[in-house]
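Peer 1: Sequence isn't available, so here's the structure alone:
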């Protein structure tokens with residue numbers, strides 16, 4: 001991957017909001033205020049320079065009451081959690097998701113986190129994301145039916161070495 005990753009800028013917000021909401025089934029829809037609040041509480045946010053891909057990660061100290069995040073918080077003392085990762089269809093196949101995860105893993109390692117956590121929809125299914133997480137060394141550690149939306153999810157973790 002040759003594109004640099006960077007923190008988002010205010011002028012990225014319209015594109016990142018559209019990118020998120022184009023994938024609302026997988027990620028959950030946000031308003032502009034919601035996107036800003038998520039970025040503010042996140043431990044790490046990185047985007048591609050053209051804002052066609054982003055990752056938002058929280059850690060155990062993030063002030064999130066999101067159901068999936070709380071599932072991990074109840075089980076792990078020190079962790080980084082991928083709240084969302086998304087790549088625009090036109091930007092796929094360039095290794096951007098892997099680069100975004102690698103960035104989070106490096107930052108988590110430098111911060112002393114011991115586990116990286118993520119969840120993937122089981123219903124509605126997301127087989128591409130399941131395959132990606134397995135290829136990145138994640139293991140399934142649980143499943144849940146969400147109480148806040150009509151979804152079932154699969155929880156994944158991988159050790160941070």
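Peer 2: On my side now, so go ahead. In this text, all values refer to a predicted model and were calculated from it rather than measured experimentally.
Peer 1: Identify the residues contacting the residue nearest to residue 77 when sequence neighbours are not counted.
Peer 2: Residue nearest to residue 77 in three dimensions, not counting chain neighbours: residue 60, with 6.7 Å by Cβ to Cβ, 6 or more residues apart in numbering. The C-beta positions use only the backbone N, C-alpha and C, and glycine is treated the same way. Contact analysis of residue 60 by Cβ atoms under 8 Å, 6 or more residues apart in numbering lists 73, 76-79.
Peer 1: Could you list every helix and strand in contact with the helix or strand of the chain with the lowest mean pLDDT?
Peer 2: Among the helices and strands of the chain, helix 24-27 carries the lowest confidence by mean pLDDT, DSSP states H and E, at a mean of 85. Packing contacts for helix 24-27, counted by 3 or more Cβ pairs under 8 Å, 6 or more residues apart in numbering; DSSP states H and E, involve strand 79-87.
Peer 1: picking that back up, could you list the residues in contact with the following helix or strand past the least confident helix or strand of the chain?
Peer 2: Using DSSP states H and E, the next helix or strand after helix 24-27 towards the C-terminus is helix 32-41. Under the criterion Cβ under 8 Å, 6+ apart, residues 8, 13-14, 16-17, 20, 30, 45, 56, 58, 62-64, 83 lie in contact with helix 32-41.
Peer 1: neighbour-wise, which of the residues you listed leads?
Peer 2: Neighbour counts for these (other Cβ atoms under 10 Å) peak at residue 56, which has 26 neighbours.
Peer 1: In which helix or strand does that one reside?
Peer 2: strand 53-59.
Peer 1: Distance from stretch 152-161 to the middle of the chain?
Peer 2: Remark: stretch 152-161 is offset 11 Å from the chain centroid, using Cα atoms, centre = their mean, to the nearest Å.
Peer 1: Show me what the mean pLDDT comes to for that stretch.
Peer 2: Averaged across stretch 152-161, pLDDT comes to 95.
Peer 1: One more: stretch 68-79?
Peer 2: Stretch 68-79 shows a mean pLDDT of 96.
Peer 1: that older thread, return the subset of the contacts of helix 32-41 lying in helices.
Peer 2: 13-14, 16-17, 20 (DSSP state H).
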